[in-house]
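# sequence plus the predicted model coming up.
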Amino acid sequence: MTGCSHSEKTLELTTPLDSLFTHSLPANEPGGAILIMKGDHIILSKGYGVADIESKTPITTNTLFNLGSISKTFVANAILILQADGKLSIEDNMDQYFPDFKNKEIASKVKIKHLLTHTSGLPDNRSVKSDSIFYLAAKDAENWYPVTQT
């Protein structure tokens, strides 16, 4: 009885996946980078298409992408995993995780669920790119209108 080695099984999977992505993401059009892993083993890691149409710069596994708002999905999933593991609850107040928040009244009312559902009262026009912790810890009660409904 013979069996396939780990590398042979990976090759059997990699070839059709590579063909699928090559066909779906043509080399001369905007594309993406793919990473498929099983445990610590990389099954497929490759760039497809171009990062810039004018310069025809090909996408590689090192190409940086602007993820925009998709990072919110990753954060929400991570929070829910931590909740499932019993490490936090979406009912926890903000003051548990931001003890330096200047306005304790606000921090004690805003829950993780409010942050996840964009109902915390944090204004949309706030620029936090340079120092988000500073802005979160700023004393600015007049800018906060946390949700009081359950």
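Structure received.
# domain ranges for this structure?
6-58, 70-143 (automatic domain parsing).
# including distance to residue 64, mean neighbour count and mean pLDDT, could those domains go into TSV?
Backbone N, C-alpha and C define where each C-beta goes, glycine included. Putting the domains of the chain into TSV (distance: least, Cβ to Cβ, whole Å; neighbours: other Cβ atoms under 10 Å; pLDDT from 0 to 100) gives the following:
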stretch	distance to residue 64	mean neighbour count	mean pLDDT
domain 6-58	9	13	87
domain 70-143	14	13	82
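# so where do the strands sit in the protein?
Residue ranges of the strands in the chain, as given by DSSP state E, are 32-38, 41-48, 50-52, 57-58.
# between these, which gets nearest to residue 16?
Evaluated with Cβ to Cβ, the strands of the chain place strand 41-48 nearest to residue 16, the distance being 10.2 Å.
# what strands line up against the closest one, and which way round?
strand 32-38 (antiparallel) (DSSP bridges).
# nearest to residue 66 among the strands of the chain would be which one?
Comparison of those against residue 66 by Cβ to Cβ identifies strand 50-52 as nearest, at 10.9 Å.
# could I get the strands of the chain as CSV with distance to residue 65?
Shown next, in CSV, are the strands of the chain (distance: least, Cβ to Cβ, whole Å):
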stretch, distance to residue 65
strand 32-38, 7
strand 41-48, 10
strand 50-52, 8
strand 57-58, 13
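# among those strands, which comes closest to residue 118?
Comparing the strands of the chain by Cβ to Cβ, strand 32-38 comes nearest, at 27.1 Å.
# ok now the closest one, how far from the chain's centre?
How far strand 32-38 lies from its chain's middle: 15 Å, per Cα atoms, centre = their mean, to the nearest Å.
# thinking again about what came up before, of the strands of the chain, which is nearest residue 68?
Nearest of these (Cβ to Cβ): strand 32-38, 13.9 Å.
# distance-wise, check the closest residue to residue 57 other than its chain neighbours relative to residue 23.
Using Cβ to Cβ, 6 or more residues apart in numbering and skipping the chain neighbours, the partner closest in space to residue 57 is residue 51 (4.7 Å). Distance, residue 51 to residue 23, using Cβ to Cβ, to the nearest Å: 19 Å.
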